[in-house]
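K.L.:
here is a sequence together with a model predicted from it:
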Amino acid sequence: MEIRVLQGSITEVTSDVVVVNLFEGVASPGGATGAVDSALGGAISDLIGSGEIKGKLNETTLIHTFGKIAAKRVLVMGLGKPEEFDLDRVRQVSGTAARFLRKKGVRKATTIVHGAGIGGLAVQDAAQAVAEGCIIADYDPDFYKSDRESPMLETITIVERDADKVTLIQAGVRIGVILGNATNDARTLGNEPANNMTPSILAERAREVAERFGLEFEVHDENWMRDQGMGALLAVAAGSAQSPRLMVMKYRAEGATKTLGLVGKGITFDSGGISIKPSDGMQDMKFDMSGASAVIQALRAIAELRPKINVIGVVPATENMPSGSAYKPGDIVRTKAGKTIEIITTDAEGRLILADALTYTKELGADMMVDVATLTGACVVALGHDYTGVMGNDPAMVSAVLDAAADAGEKAWELPLPPEYMEQLKSEYADSKNCGERWGGALTGGLFLKQFADETAWVHMDIAGPADSSKEKPYRSAGATGVAVRTLAALAMRLSAE
């Protein structure tokens with residue numbers, strides 16, 4: 001999809017459809033919507049009066065213009081209640097409009113910047129949200145259907161009457177396009193079936209991203225891991241016929257003195273291993289590499305946005321499978337850090353591969369680290385399917401991640417790391433167990449990883465809930481969501497500004 005910006009009058013731009021908006025409770029529209037309403041002889045006001053248009057969030061009403069304005073049709077989007085309006089609702093409304101128009105077979109549409117100047121929303125930020133919403137909406141995961149006929153919007157033109165605002169809108173659109181495309185590409189990685197997204201294939205996709213966007217890239221195999229002493233990562237990989245990979249992507253900013261490390265869990269399929277999962281829903285375990293896809297595409301977005309901070313992306317990738325060579329409950333493995341881990345369940349494998357990756361990321365010179373992982377079902381129990389659980393060893397770093405998530409419109413909530421819960425990870429045979437009790441499992445997962453951050457400022461993002469969705473929403477298809485791509489990019493920009 002191409003998103004253009006044009007200075008002019010919304011009533012005079014030729015288009016298949018022009019998108020305007022209305023808040024809930026407004027009886028007489030103003031602004032661009034009012035101008036369109038006047039040109040249509042009060043058609044929108046009449047529909048408001050009859051109760052057909054209420055302005056509720058994501059409400060869609062399509063009106064034919066019959067030649068009264070340059071556009072053939074008008075789509076009136078409901079913005080919901082004014083006091084609840086924010087940038088995330090700008091994304092939702094823009095995305096809902098885009099998916100609605102696709103289903104109508106529309107190829108070219110025009111729109112205004114929803115929310116600009118309302119409730120203190122900056123024009124550039126609102127324009128960015130419009131672009132993100134439209135691009136993320138213009139995606140479906142049906143690329144393996146032989147009769148695929150998913151319509152795609154070709155062009156959306158944002159029209160602005162005030163010439164002084166055009167440059168700001170263009171700047172916002174540029175950022176929104178970068179983040180929207182990166183999010184969608186992360187979704188494509190996640191939506192691939194495990195037979196077409198093995199560790200080696202994921203490494204090749206990461207290489208392609210690095211080459212396209214000018215990132216440094218390295219990939220390592222199991223022999224290198226053995227030399228590095230990555231016994232935890234190798235233990236998880238032992239049961240699979242697919243050999244593991246560890247990818248390193250580097251963005252270097254001229255003159256930067258600080259380095260942010262991003263670590264993404266890349267379990268390309270998680271059967272649970274010997275501690276095998278129930279078959280019901282196991283097909284969704286292809287999404288267990290969503291942390292990896294987020295880090296890969298966040299590095300791509302960062303390379304385009306050019307923050308003044310160095311960023312290293314480290315992605316350990318393997319399958320977790322049962323076989324005669326698989327690691328077993330009761331085994332003891334030695335991590336790269338030298339710590340020994342007693343395996344209580346082979347289905348707590350993500351923290352094992354992250355342990356070795358965090359240690360290596362520190363060795364690469366990271367001053368601060370964020371790991372992103374579909375780590376625990378317990379986090380979904382705690383926070384549901386929409387919120388990322390955030391925990392860490394540095395309050396300032398945790399606050400930076402939460403602020404970045406708010407910037408990106410991705411829901412996140414801080415969880416504690418209670419020192420007394422470390423008791424659950426004590427082992428009689430090794431330095432630590434790989435999991436504790438059922439209750440508070442998200443927290444013991446974070447505490448396990450904290451051991452490998454040591455003194456480095458570190459934040460853990462458990463994205464098990466929002467990484468994928470089983471239901472289509474008005475503004476987004478089902479499947480992988482690409483969660484955390486925008487948060488990580490926003491974090492790099494925030495740290496750069498600081």
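P.N.:
Right, received. Where do you want to start?
K.L.:
off-centre distance for the longest helix seen in the chain?
P.N.:
In the chain, with assignment by DSSP state H, the single longest helix is helix 163-191. Counting by Cα atoms, centre = their mean, to the nearest Å, helix 163-191 is centred 13 Å from the centre of its parent chain.
K.L.:
next, the angle from the helix or strand that it is followed by to helix 163-191.
P.N.:
Per DSSP states H and E, helix 163-191 leads on to helix 199-213 as the next helix or strand towards the C-terminus. Put simply, helix 199-213 runs at 160 degrees to helix 163-191, going by axes from the mean of the first three to the mean of the last three Cα atoms, to 10 degrees.
K.L.:
check which residues of the helix or strand just after helix 199-213 are buried.
P.N.:
Once the chain leaves helix 199-213, the next helix or strand it forms, by DSSP H and E, is strand 216-220. Neighbour-count burial for strand 216-220, with 16 or more other Cβ atoms under 10 Å as criterion, is recorded at 217, 219-220. Backbone N, C-alpha and C define where each C-beta goes, glycine included.
K.L.:
export these as JSON lines, with columns for distance to F100 and pLDDT.
P.N.:
Shown next, in JSON lines, are these (distance: Cβ to Cβ, whole Å; pLDDT from 0 to 100):
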{"residue": "F217", "distance to F100": "40", "pLDDT": "98"}
{"residue": "V219", "distance to F100": "42", "pLDDT": "98"}
{"residue": "H220", "distance to F100": "46", "pLDDT": "98"}
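K.L.:
which one of those residues is nearest A406?
P.N.:
F217 (31.2 Å; Cβ to Cβ).
K.L.:
isn't the closest one up against R245?
P.N.:
No - the criterion here is Cβ atoms under 8 Å, and F217 misses it with R245 at 11.9 Å.
K.L.:
ok, A480 to I135 distance?
P.N.:
Plainly put, A480 is 15 Å away from I135 if you go by Cβ to Cβ, to the nearest Å.
K.L.:
contacting residues for T456?
P.N.:
362, 366-369 (Cβ atoms under 8 Å, 6 or more residues apart in numbering).
K.L.:
ok, now I312?
P.N.:
Contacts for I312 (Cβ under 8 Å, 6+ apart) come out as 248-251, 259-262, 361, 364-366.
K.L.:
which SS class is it?
P.N.:
Assigned by DSSP: H, G, I helix; E, B strand; the rest coil, the conformation of I312 is strand.
K.L.:
hey, what's it bridged with?
P.N.:
Note on I312: beta-bridge partners by DSSP bridges are K250, G261.
K.L.:
and the gap between R245 and V26?
P.N.:
In terms of Cβ to Cβ, R245 sits 55 Å off from V26.
K.L.:
helices along the stretch 351-498 of the chain, start to end?
P.N.:
With DSSP state H, counting those that start in this stretch as the criterion, the stretch 351-498 of the chain has helices at 377-383, 395-408, 441-453, 485-497.
K.L.:
now the buried residues of strand 216-220 in a markdown table, with distance to G465?
P.N.:
Formatted as a markdown table, the buried residues of strand 216-220 follow (distance: Cβ to Cβ, whole Å):
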| residue | distance to G465 |
| --- | --- |
| F217 | 31 |
| V219 | 30 |
| H220 | 31 |
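K.L.:
which single one of these is nearest to A490?
P.N.:
F217 (23.4 Å).
K.L.:
what residues does that closest one make contact with?
P.N.:
F217 is in contact with 206-207, 210-211, 247-250, counting by Cβ under 8 Å, 6+ apart.
K.L.:
could you rerun that using 10 Å?
P.N.:
Taking Cβ atoms under 10 Å, 6 or more residues apart in numbering, we find F217 in contact with 203, 206-211, 247-250, 299, 313.
K.L.:
list buried residues within those.
P.N.:
Of those, these count as buried by 16+ other Cβ under 10 Å: 203, 206-207, 209-210, 247-250, 299, 313.
K.L.:
that older thread, which of R245 and V26 has more neighbours?
P.N.:
More neighbours surround R245 than the other of R245 and V26, with 26 against 18 (other Cβ atoms under 10 Å).
K.L.:
the more buried one contacts M197, correct?
P.N.:
No - using Cβ atoms under 10 Å, R245 makes no contact with M197, being 11.9 Å away.
K.L.:
per-residue pLDDT, D147?
P.N.:
Confidence at D147, expressed as pLDDT, is 84.
K.L.:
who does the nearest residue to S427 once chain neighbours are set aside form a beta bridge with?
P.N.:
Nearest residue to S427 in three dimensions, chain neighbours excluded: E342, at 4.2 Å (Cβ to Cβ, 6 or more residues apart in numbering). With DSSP bridges as the criterion, E342 is bridged to I332, K433.
K.L.:
any idea how far E342 is from Q424?
P.N.:
Taken as Cβ to Cβ, the span from E342 to Q424 is 12 Å.
K.L.:
joint contacts of these two?
P.N.:
Joint contacts of E342 and Q424 (Cβ under 10 Å, 6+ apart) are 433, 435.
K.L.:
of these two, who's got more company?
P.N.:
Shown here are E342 and Q424; by other Cβ under 10 Å, E342 has more neighbours (20 against 17).
K.L.:
hmm, the more buried one is touching D431, no?
P.N.:
Yes - with contact defined as Cβ under 10 Å, E342 counts as touching D431 (8.4 Å).
K.L.:
shared neighbours, those two?
P.N.:
In contact with both E342 and D431: 332, 425, using Cβ under 10 Å, 6+ apart.
K.L.:
where does pLDDT dip in this protein?
P.N.:
Within the chain, the segments meeting pLDDT under 70 span 150-151.
K.L.:
same thing but 50
P.N.:
Applying pLDDT under 50 to the chain picks out no residues at all.
K.L.:
one step back: what sits in contact with each of R245 and M197?
P.N.:
266, 268, 317.
K.L.:
ok, the contacts of F217 vs G55, which is closest?
P.N.:
Distances from G55 to the contacts of F217, taken as Cβ to Cβ, are shortest for L299 (40.4 Å).
K.L.:
so who does A182 touch?
P.N.:
Per Cβ under 10 Å, 6+ apart, neighbours of A182: 135, 209, 213, 294, 296-305, 482, 485-486, 488-489.
K.L.:
change it to 7 Å
P.N.:
Residues near A182 by Cβ atoms under 7 Å, 6 or more residues apart in numbering: 297-298, 300-301, 485.
K.L.:
do the same with V177
P.N.:
Here V177 is in contact with 3, 131, 135 (Cβ under 7 Å, 6+ apart).
K.L.:
the second one: what's its closest spatial neighbour, skipping adjacent residues?
P.N.:
So that's A131. In space, A131 is closest to G176, 2.7 Å off (Cβ to Cβ, 6+ apart).
K.L.:
with that, I have no additional questions.
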